[in-house]
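Undergrad: Based on what follows, work out the 3D shape:
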Amino acid sequence: MTKMRTVDAAVAILEKEGATEAFGLPGAAINPFYSAMRAHGGIRHTLARHVEGASHMADGFSRAKDGNIGICIGTSGPAGTDMITGLYAAWADSIPMLCITGQAPVAKLHKEDFQAVDIESIAKPVTKMAMTILEPGQVPGAFQKAFQLMRSGRPGPVLLDLPIDVQMAEIEFDIDTYEPLPVEKPKASRKQLDKALDMLTAGERPLIVAGGGIINAGASEQLVELAELLGVPVIPTLMGWGAIADDHPLMAGMVGLQTSHRYGNENYLRSDFVIGIGNRWANRHTGGLDTYTAGRTFVHIDIEPTQIGRVFSPDFGIASDAGAALAGLIELARERRAAGSLPDYSGWAAECAERKASLHRKTHFDNIPIKPQRVYEEMNKSFGKDTTYVSTIGLSQIAGAQMLHVFGPRKWINAGQAGPLGWTAPAALGVVRGKPDETVVALSGDYDFQFMIEELAVGAQFNLPYIHVVVNNSYLGLIRQSQRGFNMEQNVSLAFENINSPETNGYGVDHIKVAEGLGCKAIRVEDPSDLGSAFDKAKALMGEFKVPVVVEVILEKITNISMGVEINAVNEFEELAETSADAPTAILAMQA
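TA: Numbering: from 1, shown residues only. Got it, this is the predicted structure:
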C-alpha cells in the first residue's frame, strides 16, 4: 500500500471515475486539494469569476454529453453557499455534478471559526448526498459512494466537504485496486412492458410523451426506433426536446402553457392514450390536470419509483430506467409486428402531421424596434442542425422554445425546473468545454445576461467560443407580462438614460461595452434585416478570436408571448400565421 494525502487519493479517484473537468475558485481552505490537482496533472481546471458561475459551468458540462460529470470546487464558507443555486438547478433537472468544498479544521467546526458553515445541512435538501468528511480514512469511500449515487437511479448532484486537516492527513491507499461501485438502475420486466403495450395498442390515438430521462439514459435512438415501429407520434417535454428531431415525421410538437407549439397542444388534446417515459408531468407542461387527463388512459415509466403518482395517479406505473424500458418495448413491438398484431396508426400520425403543417405562430415581422419572433426566425436560418442551444428562463426562453428548432438530444440545454437567472452564460461555457468542436448558441434576455455577465471573461481567458444572443427589451419581460393580471408594472423596468452610452437610446446598460471590456466581441442589431448578417459576422468573429461573441438585439419594449393557464386556452397575443410567408422557417410549411 502507498501512503499519501487524502486529497491525492481523491484526485486519483476522480480520474479513475472519469471526472476530469473542474470549474472553481481556490481559497485557503481548499488549497491542499488544488495542490493535489497540480501534482496529478490530469484534472483540467477552469477558473470562474464567481462560485455560483463555477457550479453552473459544471452543470453545463454534465449536460453536454452522455456520461459527463462536471466538478465544482470552492473554499469554505461562502463558496459552499454560493454553490447552492447550482446544486438546486442540477438536482431539479436530475443532473449529476460533484461539488467539493474546503472547510475549517474538524476541531473548530463548533467554534464559529472563520468561514466555517454547516454546508452539509444547507446542501442536503438539493443533493443526493451531502457530507462533511470528518475522518481521513473515509475520503476514498465517500468519493466512491458519491459517484455511485450520482449515476444510480434518478441522477443528481453530490457535495463533499473537506476540512483542511482531513485534506492534509495521510492514509494508506492503492488506486490500482480501486473500483467504482456498481450503478443501480431499475429495469422493467417483460410482464410489465407487455401490459403497457397492451394498453397502448388498445388506444385509437396514442401518444408517447418523451421526458428528459430518455436523454439522461442516452436512449434517444431507442425512442425513435420504438415510435417508428409503432407508428405512434411523440410529444417531447421541454427537458426531452431533441430526443426526437423536430423534422421527424412523428415529432408531434411540444405541449404546455408556455414552451409549447400550437400544433403540439392540439395534437395532445385529440389523443386518447398517453405513455410517459422519463418525464415528471411538470405543471407548465400539463396545466390544469382535469384538462390534461380528461378522456385519456395513462402509463407512466420513470426511474424513480416515488415519481409515479406524484402529480396524478396513472392507470399503470412502472419503475424503470428509460433506456431499459425502451429496449424491452422495442423487443415486444418487433415480435408483435412480425405476428401482424400491431394496429395501424398511420391515419392518426397523418392527422398530427397535418396540424403540424397548419397551426403556426407568425414569425415574419419587419417592425423596428424588432419583434422577438423575427429573431428566432433568423436564428433558424443562420444556425444549422448541429447547433446546441443553451437557455434558462424568461420570455426569451419561452419564445425560443416555441419557435426555434432542435435536431438531436443534448442540443437543447435548459435549466428547466429551477430556471435561475444568470445560469445561461456560465452553463454555456461548461457546454463548450463538453462540446469543444460544436456550435453553441446561448439565448438570454437582458436581465438573465446581466446576472453573471462577469463570466464572459472566463470564455475570453480560456478561449471558450460561443455565440450569446441577447434579446434586449430593457424589461423583466416575463414578470411584466405576469403582472398584467394585477394591472401594474411594478419594479420591472431596466431602462435608463446611460450618460456614458447615449447610443443605447434609453435601454440602459451598454452590453457591447461591457462584453468588450471583458475580452469578448459584441454586435448590436436594431434592424431585423441585419440579423442574418450579424449572425454570420458573429460566427466569423468566434472562429477568428476564439472568444464568446455577444449579439445584442434591440427589441420592442412591450411584448406578450403566447401562454395561458390551460393547454386548451393559450392566449395568442400576436396575429397567427396564415401563409408560409408568415412563418418561413416552420418545420412543415403552410400551404400558400
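
Undergrad: hey, let's count contacts and neighbours off CA atoms from now on
TA: Fine.

Undergrad: lowest-confidence helix or strand of the protein?
TA: For the chain, using mean pLDDT, DSSP states H and E, the weakest element among its helices and strands is helix 477-482, scoring a mean of 74.

Undergrad: Residues in contact with that one: which ones?
TA: The contact list for helix 477-482, computed with CA atoms under 8 Å, 6 or more residues apart in numbering, reads 394, 395, 489, 490, 492, 558, 559, 560.

Undergrad: again, only this time at 7 Å
TA: For helix 477-482, the surrounding residues in contact (CA atoms under 7 Å, 6 or more residues apart in numbering) are 394, 395, 489, 492, 560.

Undergrad: And for stretch 14-33?
TA: Contacts to stretch 14-33, defined as CA under 7 Å, 6+ apart, come from residues 7, 42-48, 51, 54, 57-58, 69-76, 101-104, 164, 167-168, 180.

Undergrad: likewise stretch 68-86?
TA: 19, 21-30, 51-52, 54-56, 58-59, 61-62, 96-104, 115-117, 119, 123.

Undergrad: What residues sit buried inside that stretch?
TA: Neighbour counts over stretch 68-86 (16 or more other CA atoms under 10 Å) mark 68-77, 79-86 as buried.

Undergrad: Among those residues, name the ones in helices.
TA: Taking DSSP state H, the ones among these that sit in helices are 79, 80, 81, 82, 83, 84, 85, 86.

Undergrad: any chance of those residues in CSV, with distance to residue 524 and pLDDT too?
TA: Formatted as CSV, those follow (distance: CA to CA, whole Å; pLDDT from 0 to 100):
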residue, distance to residue 524, pLDDT
79, 35, 96
80, 37, 96
81, 36, 97
82, 32, 97
83, 33, 97
84, 34, 98
85, 31, 97
86, 30, 97
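
Undergrad: can I get the residues you listed in CSV with distance to residue 204?
TA: Converted to CSV, these look like this (distance: CA to CA, whole Å):
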residue, distance to residue 204
79, 55
80, 53
81, 52
82, 51
83, 48
84, 46
85, 44
86, 43
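
Undergrad: How is residue 351 classified with respect to secondary structure?
TA: Secondary structure, DSSP: H, G, I helix; E, B strand; the rest coil: residue 351 is helix.

Undergrad: If you tally nearby residues, what's the number for it?
TA: Residues lying near residue 351 (other CA atoms under 10 Å) number 14.

Undergrad: For stretch 423-437, which outside residues touch it?
TA: By CA under 7 Å, 6+ apart, stretch 423-437 touches 53, 56-61, 64-65, 390-392, 440, 442, 444, 455, 459, 464.

Undergrad: Cross-reference those with the helices and report the matches.
TA: Using DSSP H, the subset of the contacts of stretch 423-437 located in helices is 53, 56, 57, 58, 59, 60, 61, 64, 459.

Undergrad: For residue 310, see how far away the last one is.
TA: Residue 459 sits 41 Å away from residue 310 when distances are taken as CA to CA, to the nearest Å.

Undergrad: Compare those two (neighbour count), which wins?
TA: When neighbours are counted by other CA under 10 Å, residue 459 and residue 310 differ, and residue 459 comes out ahead with 27 against 11.

Undergrad: Can you tell me how far the more buried one is from residue 430?
TA: To residue 430, residue 459 is 10 Å away according to CA to CA.

Undergrad: just to revisit the earlier point, are any of the contacts of stretch 68-86 buried, and which?
TA: 19, 21-27, 29-30, 51-52, 54-56, 58-59, 61-62, 96-104, 115-117, 119, 123.

Undergrad: Which of those fall in helices?
TA: 51, 52, 54, 55, 56, 58, 59, 61, 62, 119, 123.

Undergrad: Tell me which helix or strand the nearest residue to residue 483 once chain neighbours are set aside sits in.
TA: Nearest residue to residue 483, sequence neighbours excluded (CA to CA, 6 or more residues apart in numbering): residue 489, at 6.3 Å. Counting by DSSP states H and E, no helix or strand carries residue 489.

Undergrad: thought residue 489 was touching residue 476?
TA: No. Using CA atoms under 7 Å, residue 489 is not in contact with residue 476, being 9.8 Å away.

Undergrad: Between those two, which has more neighbouring residues?
TA: Using other CA under 10 Å, the more surrounded residue of residue 489 and residue 476 is residue 476, with 21 against 15.

Undergrad: How much space separates residue 439 from residue 431?
TA: From residue 439 across to residue 431, the span is 10 Å (CA to CA).

Undergrad: So between the two, which is more surrounded?
TA: Just comparing residue 439 and residue 431: by other CA under 10 Å the higher neighbour count belongs to residue 431, 31 against 20.

Undergrad: What is the three-state secondary structure of the more buried one?
TA: Three-state call for residue 431 (three-state DSSP): helix.

Undergrad: Over to residue 324?
TA: Applying three-state DSSP: residue 324 is helix.

Undergrad: surely it meets residue 189?
TA: No. Contact criterion CA under 7 Å: residue 324 and residue 189 do not qualify, at 9.4 Å.

Undergrad: Show me the shaky parts of the chain.
TA: Across the chain, the ranges flagged by pLDDT under 70 are 1, 477, 591-592.

Undergrad: Stretch 243-262: which residues count as buried?
TA: In stretch 243-262, counting by 16+ other CA under 10 Å, buried: 243-246, 249-262.

Undergrad: scratch that, stretch 38-49
TA: Under the neighbour-count criterion of 16+ other CA under 10 Å, stretch 38-49 has 43, 45, 46, 47, 48, 49 buried.

Undergrad: Residue 332: how many residues sit nearby?
TA: Quick note: residue 332 (other CA under 10 Å) scores 17 neighbours.

Undergrad: which residues does the closest residue to residue 496 other than its chain neighbours contact?
TA: Of all residues not flanking residue 496 in the chain, residue 508 sits nearest, at 4.6 Å (CA to CA, 6+ apart). Counting by CA under 7 Å, 6+ apart, residue 508 touches 494, 495, 496, 497, 498.

Undergrad: repeat that with 8 Å
TA: By CA under 8 Å, 6+ apart, the residues touching residue 508 are 474, 494, 495, 496, 497, 498.

Undergrad: what about the residue most central in space within the chain, distance to residue 578?
TA: The chain has residue 414 as the residue nearest its centroid, 2.7 Å off, counting by CA atoms, centre = their mean. For residue 414, the distance to residue 578 equals 31 Å [CA to CA].
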